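**Student:** Generate a structure from the sequence data that follows.
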Amino acid sequence: MTWRPVLARSVMLRHDRVRDTDLLLMPERVVVLHGTAGSVLRLCDGSREVPEITAELGERFPGAPVADQVPVFLRALRKEGWLR
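**Tutor:** Numbers count the residues shown, from 1 in each chain. All right, here's what the predicted structure looks like:
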């Protein structure tokens, strides 16, 4: 079974221009994202599988350990219920 991550229905990704940071907005909760987390989550639109996401990020951020870190990050968010 392939996984095409997408934000859970109750989760929204927004950019806070005042703080210049990305946020995950949920009922009664806000999560401040750091680094490139927002860039990763913008690719989670349900149309790409995890290897496609990591490949695209590898092109954007050459030399970054995306192949190792991105799948772990996405699984952690899935476990929290923020991705489906």
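**Student:** Spatially, what comes nearest to residue 84 if we skip its sequence neighbours?
**Tutor:** residue 8 (5.1 Å; C-beta to C-beta, 6 or more residues apart in numbering). Where you see a C-beta, it was placed from the backbone N, CA and C, and this is true even at glycine.
**Student:** my guess is the one you found contacts residue 82, does it?
**Tutor:** Yes - assessed by C-beta atoms under 8 Å, residue 8 is found in contact with residue 82 at 5.6 Å.
**Student:** Counting neighbours around each, name which of the two comes out higher.
**Tutor:** residue 82 (21 against 15; other C-beta atoms under 10 Å).
**Student:** Any idea how many residues pack against the residue nearest to residue 49 when sequence neighbours are not counted?
**Tutor:** Once flanking residues are discounted, residue 49 sits nearest to residue 2: 5.0 Å by C-beta to C-beta, 6+ apart. Neighbour count for residue 2, taken as other C-beta under 10 Å: 7.
**Student:** cool, residue 7 as well?
**Tutor:** As a burial measure, residue 7 scores 19 neighbours (other C-beta under 10 Å).
**Student:** again with residue 77
**Tutor:** 22.
**Student:** Got the confidence number for the residue lying closest to it once chain neighbours are set aside?
**Tutor:** In space, and not counting its chain neighbours, residue 77 is closest to residue 83: 4.5 Å by C-beta to C-beta, 6+ apart. Per-residue confidence (pLDDT) for residue 83: 97.
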